[in-house]
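In: coords please:
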Amino acid sequence: MMMKCNVIAQRSFPSASGRLQQPASVSGAAYGTFEFSSVDYHKIMAALPTKPAKVGVEEATETIHRIRITLSSKNVKNLEKVCADLIKGAKDKRLKVKGPVRMPTKVLRITTRKSPCGEGTNTWDGFELRVHKRVIDLHSPSEVVKQITSITIEPGVEVEVTIADV
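Out: Next up is the predicted model:
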């Protein structure tokens, strides 16, 4: 299959810094129409120089980890506050965040007799402990997670961080 393409080629040459520069002696552009096959087109496109990276922007050379933060507490208000702070910090750093996923509340119950001796009417007391759990998943380098988790954690909230490679 033959392709026809109008080409405007700016004359430019690589400099010592690797950027393309137009020499002072050559001005203007070359115009023309060329016919070539699709295979030639792909070879030409592959040989073209890529855009130089933006100045001041570093490429991420750190490995991205899948990080799971598990929070558990008896106090829902404190737990939700810590979750909101963690997610706010992660979104400020523009990380991929999933959660908080609200896991089922564990209810631990103990029923016991009120009377210390075996005499008298059978009266019972019921005690229960509710444990609330939240899971937050992040995709980021581990150094960033250290910065995010440096927030103040409310009393009674347990934090567990699990790091896995993607």
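In: Packing partners of the longest helix seen in the chain?
Out: For the chain, the helix with the greatest residue count under DSSP state H is helix 76-92. Applying 3 or more CB pairs under 8 Å, 6 or more residues apart in numbering; DSSP states H and E, we find helix 76-92 packed against strand 65-73, strand 96-113, strand 124-140, helix 142-148, strand 157-165. C-beta here means a position set from N, CA and C on the backbone, and glycine is covered the same way.
In: Confidence-wise, which of those is weakest overall?
Out: If you rank those by mean pLDDT, helix 142-148 sits at the bottom with a mean of 81.
In: what comes up buried for it?
Out: Neighbour-count burial for helix 142-148, counted by 16 or more other CB atoms under 10 Å, picks out 144-145, 148.
In: list the helices and strands it packs on?
Out: Judged by 3+ CB pairs under 8 Å, 6+ apart, the packing partners of helix 142-148 are strand 65-73, helix 76-92, strand 157-165.
In: rerun at 7 Å
Out: helix 76-92 (3 or more CB pairs under 7 Å, 6 or more residues apart in numbering; DSSP states H and E).
In: mind checking how far Lys152 is from Ile136?
Out: Slight slip there: residue 152 is Thr, not Lys. The gap separating Thr152 from Ile136 is 17 Å, by CB to CB, to the nearest Å.
In: Comparing these two, which shows the higher neighbour count?
Out: Taking neighbours as other CB atoms under 10 Å, Thr152 and Ile136 compare with Ile136 leading, 21 against 8.
In: which ones are touching the nearest residue to the more buried one once chain neighbours are set aside?
Out: If the residues on either side of it in the chain are set aside, Ile136 comes closest to Gly99, at 3.8 Å by CB to CB, 6 or more residues apart in numbering. Going by CB atoms under 7 Å, 6 or more residues apart in numbering, Gly99 touches 135-137.
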